[in-house]
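Trainee: Give me a 3D structure for the following:
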Amino acid sequence: MCGRFALTASTDQTAAFLGVGELEAFPARYNIAPTQPILMAVAAPSRPPGSNLPDREAQLVRWGLVPGWVKDMRGFPLLFNARSEEAAIKPSFRSAMRHRRALVPASGFYEWCQNGPAKGQAYWIRPRHGGLIAFAGLMETWAGADGSEIDTGAMLTVAANAALASIHHRMPVVIEEQDFARWLDCRGQEPRDVSDLLKAAHADFFEAIPVSGRVNKVSNMGPEVQEPVAVDEEKQGTLASKTSDDQQMSLF
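Mentor: Sure, this is the predicted structure:
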């Protein structure tokens, strides 16, 4: 599961990482939550031969996918995550999985421990090597009866790896940089052709840092939400030795 994440890299770093050309300047964001706008990179329309335009383009979308067949989005549940195991067949996601796969740039994400004495403890989970990562995303444009359109999106999740399973049983799918082009190629790559990319990052890819409950509030948007806190040794020991069960925690 991924219900909060951060993007704190500079605009130029993010554009270079995604290969999308120039981006409009944006501030560091330390506590991004569903329904807020998020940046996604998608494959650009076909370019004429000899064009110097990038093969990808960036879009701001509402985090919370709404399928095109929904009549009234006000009563539709907030789909900010999609289970990768069923995205190609589930009605809410299969069209986007086939036609509108995307990349979501991030500096890391937050998760809350589900079980045991440490239940409720928040963690800032970031790549050990630092820098940017890209989560697997899906994009869908929803059209209202009045002709208005809203670009919406969700992140794909997978069963957590051994290092994070004691915190939560799901984690976002990370697309490696060498696989960006294949993941985004919805013309030449069907969902079955990219299914091998829908896997958990290796166990030592991320590090989990305990942080305070400040991150629980969407209104707390500064770097202080990532400040490490001490965790009781007994709780930490239980967390390290405990395996995940099959329950999912609600963040809201």
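
Trainee: Output stretch 133-146 as PDB, nothing but the C-alphas.
Mentor: Taking Å, rounded to 0.1, in the frame of the first residue of the first chain, the C-alpha atoms of stretch 133-146 are listed here in PDB:
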ATOM      1  CA  ILE A 133      12.700   6.500  -7.800                       C
ATOM      2  CA  ALA A 134       9.700   5.900 -10.100                       C
ATOM      3  CA  PHE A 135       6.600   4.100  -9.000                       C
ATOM      4  CA  ALA A 136       4.500   2.200 -11.500                       C
ATOM      5  CA  GLY A 137       1.400   4.300 -12.200                       C
ATOM      6  CA  LEU A 138      -1.800   4.200 -14.200                       C
ATOM      7  CA  MET A 139      -3.600   7.200 -15.600                       C
ATOM      8  CA  GLU A 140      -7.200   7.700 -16.700                       C
ATOM      9  CA  THR A 141      -9.000  10.800 -18.000                       C
ATOM     10  CA  TRP A 142     -12.600  11.100 -16.600                       C
ATOM     11  CA  ALA A 143     -15.100  13.100 -18.500                       C
ATOM     12  CA  GLY A 144     -18.100  14.600 -16.800                       C
ATOM     13  CA  ALA A 145     -21.600  15.000 -18.300                       C
ATOM     14  CA  ASP A 146     -21.000  18.800 -18.600                       C
END
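
Trainee: tell me which residues in it are buried?
Mentor: The neighbour-count check on stretch 133-146 (16 or more other C-beta atoms under 10 Å) flags 133-140, 142 as buried. Quick note: C-beta positions are derived from backbone N, CA and C, even for glycine.

Trainee: I'd like these as JSON lines, with distance to P210 appended.
Mentor: As requested, these are exported to JSON lines (distance: C-beta to C-beta, whole Å):
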{"residue": "I133", "distance to P210": "20"}
{"residue": "A134", "distance to P210": "25"}
{"residue": "F135", "distance to P210": "22"}
{"residue": "A136", "distance to P210": "26"}
{"residue": "G137", "distance to P210": "27"}
{"residue": "L138", "distance to P210": "31"}
{"residue": "M139", "distance to P210": "33"}
{"residue": "E140", "distance to P210": "35"}
{"residue": "W142", "distance to P210": "38"}
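
Trainee: what about the helices in the protein?
Mentor: 11-18, 94-99, 180-184, 233-241 (DSSP state H).
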